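Participant: Task: produce atomic coordinates for the following.
(one chain, ligands or ions: 1)
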Amino acid sequence: MRTLTLLGATGSIGASTLDLVRRNRDDWHVVALTAHSNVADLARLAREFRADIAVIADAAMLPALREALAGSGIAAAGGEDALVEAAARGADVTVAAIVGCAGLAPTMAAIECGRTVALANKEALVSAGEIMTAAVARTGATLLPVDSEHNAIFQCLAGNDHGDVRWITLTASGGPFRDWSHDQLAAATPAQAVKHPNWDMGAKISVDSATMFNKGLELIEAFHLFPVGLDRLRIIVHPQSIIHSMVEYRDGSTLAQLGPSDMRVPIASALAWPQRMQTPCAPLDLAAIGELTFRAPDEDRFPATRLARQAAQAGGATPAVLNAANEIAVAAFLAGQVGFTRIAAMVEDVLSRYAPPAPAVLADVFAVDAEARATARGLMQPA
Ligand code: NDP
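Facilitator: From the prediction side, this is the model:
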């Protein structure tokens with residue numbers, strides 16, 4: 001039996017992870033489950049999986065959590081420090097599935113335990129890339145990518161030398177607005193943006209997928225996870241989301257990982273690594289799928305990948321600025337405060353105001369993150 005902590009248990013990745021754990025109950029002991037404010041689901045899951053502790057990040061919700069867990073013997077805690085303390089308890093595997101930079105501190109606390117961290121929370125790595133990868137090297141932790149593209153690349157790189165890599169190609173579905181004109185994009189609504197054609201995901205990543213910031217964040221994520229150099233990372237639009245990414249070697253061989261558009265596949269790969277485990281996912285029926293198609297990304301309609309590449313090139317805390325500005329812009333779009341095409345424009349505007357030095361410690365990242373958020377919010381005020 002192995003121990004598991006799940007940061008972001010009530011989300012989409014949380015649900016997929018717990019679905020796999022539910023099917024293999026005898027293999028796992030759940031240490032900690034966390035959420036932001038969804039007390040009802042957190043308490044229900046903590047009871048079902050007999051977690052040692054349930055943590056609600058919004059401290060104001062702690063009394064409600066205590067009440068919901070009364071008589072269960074499960075410890076309850078609240079607030080951001082409690083989240084970090086729960087992650088620092090250590091588990092054989094910590095699944096980092098909080099959305100946004102809010103997941104950075106607990107993810108780092110899990111890394112400091114020197115065990116396995118299965119990372120879905122890409123914003124954390126984007127914001128603190130060098131600091132996080134240095135902590136992984138220092139502690140001997142194992143960082144396994146859960147993002148389907150990075151999990152695919154991880155699998156395609158296994159047993160190979162990074163020096164032999166010609167290209168790493170991240171595939172992108174192109175999102176729900178792949179074929180939309182500039183004018184259509186300007187009028188896109190939150191309801192349309194969260195309706196992804198292939199994947200069922202949380203609201204923030206769904207919007208990121210529609211703007212292509214998801215691919216931009218993933219480019220920076222890949223830059224840190226697979227140090228082959230930014231110029232060897234490229235993106236291709238593959239609308240069917242069957243090939244999850246590819247690695248081309250200098251001998252001309254290209255290795256790809258294929259699978260259904262179901263996050264349980266990469267999550268299972270990380271949970272069982274270096275072995276394999278059974279999932280309930282339907283086998284891939286390529287004859288039924290018929291065609292796999294590809295096209296170059298259009299950075300005129302979707303500037304996000306260009307901005308992300310520039311941020312990675314600039315290095316230092318620039319990716320943290322990009323991420324923070326995007327988080328604010330996406331939240332504003334979802335709240336109906338700004339239009340869809342304002343998201344990339346806001347991010348570009350915030351980026352143009354900063355040339356932040358490289359963060360030395362986590363506190364530097366949080367400072368840059370807070371400043372960039374304030375600047376992005378300022379852009380929403382009427383002039
Ligand atoms: P969801 O929005 O579905 O879930 C987010 C989880 O994080 C919830 O448990 C939520 O709690 C918690 N949370 C939100 N804000 C905070 C906060 N401020 N402090 C602490 N906890 C918080 O997101 P997803 O599951 O879709 O995505 C999670 C991460 O995984 C993201 O980084 C995303 O980019 C990445 N990812 C997701 C994929 C997917 O298919 N969904 C695919 C690849 C990567 P509550 O429910 O209480 O709000």
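
Participant: Find me the pLDDT at the one residue in the stretch 101-250 of the chain that gets nearest to the ligand, would you?
Facilitator: In the stretch 101-250 of the chain, the residue that lies nearest the ligand is residue 202 (2.6 Å; C-beta to the nearest ligand atom). For the C-beta atoms, the positions are set from N, CA and C on the backbone; glycine is no exception. Looking at residue 202, its pLDDT is 94.

Participant: Ok, the one 4 residues further on next?
Facilitator: Per-residue confidence (pLDDT) for residue 206: 96.

Participant: mind checking how far the strand or helix carrying it is from the chain centre?
Facilitator: Using DSSP states H and E, the element containing residue 206 is helix 203-211. Offset of helix 203-211 from its chain centre (C-alpha atoms, centre = their mean, to the nearest Å): 11 Å.

Participant: thinking again about what came up before, for the residue of the stretch 101-250 of the chain closest to the ligand, grab the count of nearby residues.
Facilitator: 18 (other C-beta atoms under 10 Å).

Participant: Can you name the residues of this structure that neighbour the ligand?
Facilitator: 8-14, 35-38, 57, 97-99, 102, 120-123, 147, 199, 201-202, 204-205, 263 (C-beta under 6 Å from any ligand atom).

Participant: Would you report which members of those are assigned to helices?
Facilitator: 12, 13, 14, 122, 123, 204, 205 (DSSP state H).

Participant: Whichever of the residues you listed end up buried, select them in ChimeraX.
Facilitator: In ChimeraX syntax, the buried subset of those is picked out as below (16 or more other C-beta atoms under 10 Å):
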select :12,13,14,122,123,204,205
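
Participant: Among the ones in helices among the residues of the chain next to the ligand, which one sits closest to residue 343?
Facilitator: Proximity of these to residue 343 (C-beta to C-beta) peaks at residue 204, which lies at 11.4 Å.

Participant: how close does that closest one get to residue 142?
Facilitator: Computed as C-beta to C-beta, to the nearest Å, the residue 204 to residue 142 distance reads 27 Å.

Participant: now swap in residue 320 and tell me
Facilitator: 24 Å.

Participant: mind listing the strands for the stretch 201-350 of the chain?
Facilitator: 233-237, 243-249, 254-258 (DSSP state E, counting those that start in this stretch).

Participant: List the buried residues for the longest one?
Facilitator: Buried residues in strand 243-249, counted by 16+ other C-beta under 10 Å: 243, 244, 245, 246, 247, 248, 249.

Participant: Can you give the distance of that strand from its chain's centre?
Facilitator: 19 Å.

Participant: Run me through the strand neighbours of it, direction for each.
Facilitator: Strand 243-249 has its sheet partners listed here by DSSP bridges as strand 165-172 (antiparallel), strand 254-258 (antiparallel).

Participant: Put together TSV for those, with mean neighbour count on each row.
Facilitator: Listed next are the strands paired with strand 243-249 as TSV, based on neighbours: other C-beta atoms under 10 Å:
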stretch	mean neighbour count
strand 165-172	22
strand 254-258	16
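
Participant: Look at residue 360 and say how many residues are nearby.
Facilitator: So residue 360, with other C-beta under 10 Å, has 10 neighbours.

Participant: From residue 202, how far out is it?
Facilitator: 32 Å.

Participant: swap in residue 223?
Facilitator: 23 Å.

Participant: Over to residue 370?
Facilitator: 23 Å.

Participant: One more: residue 301?
Facilitator: 24 Å.

Participant: low-scoring stretches of the stretch 1-150 of the chain, by residue?
Facilitator: Along the stretch 1-150 of the chain, no part satisfies pLDDT under 70.

Participant: Give me the sheet partners of the strand or helix carrying residue 32 and which way each runs.
Facilitator: In this assignment (DSSP H and E), residue 32 forms part of strand 28-35. Sheet partners assigned to strand 28-35 using DSSP bridges are listed as strand 2-7 (parallel), strand 53-56 (parallel).

Participant: Mind listing what's buried along the following helix or strand past that strand?
Facilitator: Next along the chain after strand 28-35, taking DSSP H and E as the criterion, comes helix 39-49. Neighbour counts over helix 39-49 (16+ other C-beta under 10 Å) mark 39, 41, 42, 43, 45, 46, 47, 49 as buried.

Participant: Run through the residues that contact the residue of the chain found nearest the ligand.
Facilitator: Residue nearest to the ligand within the chain: residue 11 (2.0 Å; C-beta to the nearest ligand atom). For residue 11, the contacting residues are 97, 98, 99, 202, by C-beta atoms under 8 Å, 6 or more residues apart in numbering.

Participant: the strands in the stretch 1-150 of the chain, which residues?
Facilitator: 2-7, 28-35, 53-56, 75-78, 93-96, 116-119, 142-145.

Participant: What residues of stretch 24-37 count as buried?
Facilitator: Within stretch 24-37, judged by 16+ other C-beta under 10 Å, the buried ones are 28, 29, 30, 31, 32, 33, 34, 35, 36.
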